[in-house]
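J.: Give me a model of this one.
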Amino acid sequence: MKKKWVVLMLFTLTLSTGMTSIAAADQPANQTVLADQSSTGNHTENTDKSIAQTNEEKLAAGEPTSAKAAAGSSTKAAGSSTTVKTTASAGSTWTVTDSQIKDAADRVKSFIEKNDRLPNYVTIGSKQVSMSQYLKLVNQETLNLYGSSGSLTVGSVSGPTNPTESVKSGNIQKSEYLKLAKNILNFMNSNGRAPNYASSSLGTIRYESLVYAFSRVVAFHDDNSRLPNYVSVKSWTSQTGGSTTTDPSLQKYLVATANAQSTSSTIKNLAASITSGKTTTYAKAQAIFNWVRDHVSYSFYYNTQKGALGAYSSRSANCCDMAHLVVALARAAGIPARYQHGTCTFSSGTYGHVWAQLYVSGKWYYADAVSTRNSFGTINNWNLNTYTLHGTYASLPF
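T.: Okay, the predicted model is just below:
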């Protein structure tokens with residue numbers, strides 16, 4: 001079979017240390033059987049309709065090409081290719097064959113079925129690609145395999161901000177998932193990030209399920225030389241629990257320490273109270289951050305003096321002890337949390353500073369609770385463009 005080429009421009013990736021790459025060894029022996037001209041799986045929920053057209057998502061419904069919205073050729077035309085560009089001003093190029101993208105889809109699919117979570121990134125050719133960037137590539141590959149062609153920009157693509165779902169189990173026909181692939185690309189090109197969810201006749205489908213579903217679509221083509229007639233959909237959270245903590249590299253960010261006493265009954269009960277009624281990891285993390293920001297006042301002193309329990313009991317803390325409380329509450333709620341230390345420029349001058357970060361759906365979010373000007377994931381009281389980072393820690397050493 002002729003090789004078909006996808007050309008990518010080199011883009012810059014910022015990867016956290018300890019992230020897991022997918023290798024052939026990650027593939028379990030027994031995988032989901034794709035049969036009866038369909039693509040089925042353990043976790044997925046995909047749909048056709050349009051991506052959710054809400055103010056939050058700001059999506060414009062993309063119209064599929066009428067000739068390709070129904071039955072038609074499911075084999076990529078000979079000689080067609082996708083030109084993948086970068087948003088950077090300059091860079092070298094590298095090429096990836098269709099077979100390499102299909103191989104990546106096979107490995108992503110296998111990894112999810114083995115680990116009940118998304119990998120942090122996937123290696124395609126010689127490059128490490130984030131899951132958000134991979135979602136763009138695998139959606140374009142799906143369209144290309146159907147006979148479409150077009151250019152694609154892959155630069156810095158943010159992850160979703162708050163993945164949610166409300167979907168019933170069922171099948172999405174080919175015309176639906178082709179339209180969905182196009183709409184996802186339109187959204188990501190317009191917004192520079194992956195969607196939190198997509199809407200469909202079966203309900204709303206969260207980001208992780210979109211990655212899984214289109215991985216199975218492309219993997220099916222790799223095995224059968226054609227696209228599946230449909231892809232099955234199931235709730236992601238019902239199958240995986242929506243966990244973000246199964247990655248062994250994150251375990252050090254979940255354990256209690258001398259000053260982040262996450263196993264203390266006081267901290268555990270407080271965390272349970274704060275997160276009561278919250279159904280997503282993002283909502284729980286945001287609630288914890290908001291509680292510390294709104295209930296503990298800032299007090300100036302050097303280094304750790306109180307720890308999480310002392311900050312809670314006194315309702316007053318410096319940046320170190322406020323970070324201890326955020327970290328302890330997050331870990332008590334099962335959310336990985338860490339510290340960062342840097343020299344930061346505030347309106348009043350430049351100082352050493354400590355803040356927390358919480359890990360949600362494959363992304364670290366800033367959680368600096370010392371100022372009411374800050375929100376979860378956003379810092380406004382010091383300049384993110386000029387600070388100097390001195391260290392990132394599972395346990396703050398001072």
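
J.: Please give me every residue in contact with Thr392.
T.: Residues in contact with Thr392 (C-beta atoms under 8 Å, 6 or more residues apart in numbering) are 338-341, 357. Every C-beta, even on glycine, is put in place using the N, C-alpha and C of the backbone.

J.: Hmm, I typed the wrong one, I wanted Ser215.
T.: Contacts were defined as C-beta under 8 Å, 6+ apart; by that measure Ser215 touches 105-106, 108-109, 112, 138.

J.: What residues sit buried inside stretch 374-381?
T.: Buried positions in stretch 374-381, judged by neighbour count with 16 or more other C-beta atoms under 10 Å: 374-377, 379.

J.: Where does the prediction get shaky in this protein?
T.: Low-confidence regions of the chain, defined here as pLDDT under 70, cover residues 1-96, 148-156, 237-248.

J.: report the longest strand in it, please.
T.: Counting residues, the longest strand found in the chain (DSSP state E) is strand 349-360.

J.: and that one, which strands flank it?
T.: Under the criterion DSSP bridges, strand 349-360 sits next to strand 337-346 (antiparallel), strand 363-367 (antiparallel) in its sheet.

J.: Same list, these, but as a markdown table with mean neighbour count and distance to Gln286 please.
T.: Listed next are the strands paired with strand 349-360 as a markdown table, based on neighbours: other C-beta atoms under 10 Å; distance: least, C-beta to C-beta, whole Å:
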| stretch | mean neighbour count | distance to Gln286 |
| --- | --- | --- |
| strand 337-346 | 20 | 13 |
| strand 363-367 | 21 | 9 |
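
J.: In a markdown table: those, plus distance to Leu384.
T.: Converted to a markdown table, the strands paired with strand 349-360 look like this (distance: least, C-beta to C-beta, whole Å):
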| stretch | distance to Leu384 |
| --- | --- |
| strand 337-346 | 9 |
| strand 363-367 | 8 |
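
J.: Those: which one's closest to Asn385?
T.: Taking C-beta to C-beta as the measure, the strands paired with strand 349-360 were each checked against Asn385, and strand 337-346 came out nearest at 9.0 Å.

J.: which residues sit against that closest one?
T.: For strand 337-346, with C-beta under 8 Å, 6+ apart as the criterion, the contacting residues are 253-254, 260, 323, 326-327, 330-331, 350-359, 364, 367, 381-383, 386-396.

J.: so which two of the buried residues of stretch 374-381 are the farthest from each other?
T.: Phe376 and Ile379 (10.3 Å).

J.: Identify the contacts common to those two.
T.: Where contact means C-beta under 8 Å, 6+ apart, the residues bridging Phe376 and Ile379 through contact with each are Tyr366.

J.: what sits against Gly170?
T.: For Gly170, the contact set (C-beta under 8 Å, 6+ apart) comprises 202, 232-233.

J.: Going by residue numbers, what spans are helices in the stretch 201-350 of the chain?
T.: Taking DSSP state H, counting those that start in this stretch, the helices of the stretch 201-350 of the chain run over residues 207-224, 236-240, 265-275, 281-295, 307-314, 319-332.

J.: just so I know, which of the ones you listed lies nearest Asn191?
T.: Per C-beta to C-beta, nearest to Asn191 of those: helix 207-224, 12.8 Å.

J.: May I see the buried residues of that closest one?
T.: 207-222.

J.: do stretch 169-186 as well
T.: Across stretch 169-186, burial judged by 16+ other C-beta under 10 Å covers 170-186.

J.: I figured Ile184 hits Asn139, correct?
T.: Yes: in terms of C-beta atoms under 8 Å, Ile184 counts as a neighbour of Asn139; the distance is 5.1 Å.

J.: Point out the most buried one among the helices of the stretch 201-350 of the chain.
T.: When you average the neighbours per residue for each of these (mean count of other C-beta atoms under 10 Å), helix 319-332 leads with a mean of 29.

J.: Which neighbouring elements make contact with it?
T.: helix 265-275, helix 281-295, helix 307-314, strand 337-346, strand 349-360 (3 or more C-beta pairs under 8 Å, 6 or more residues apart in numbering; DSSP states H and E).
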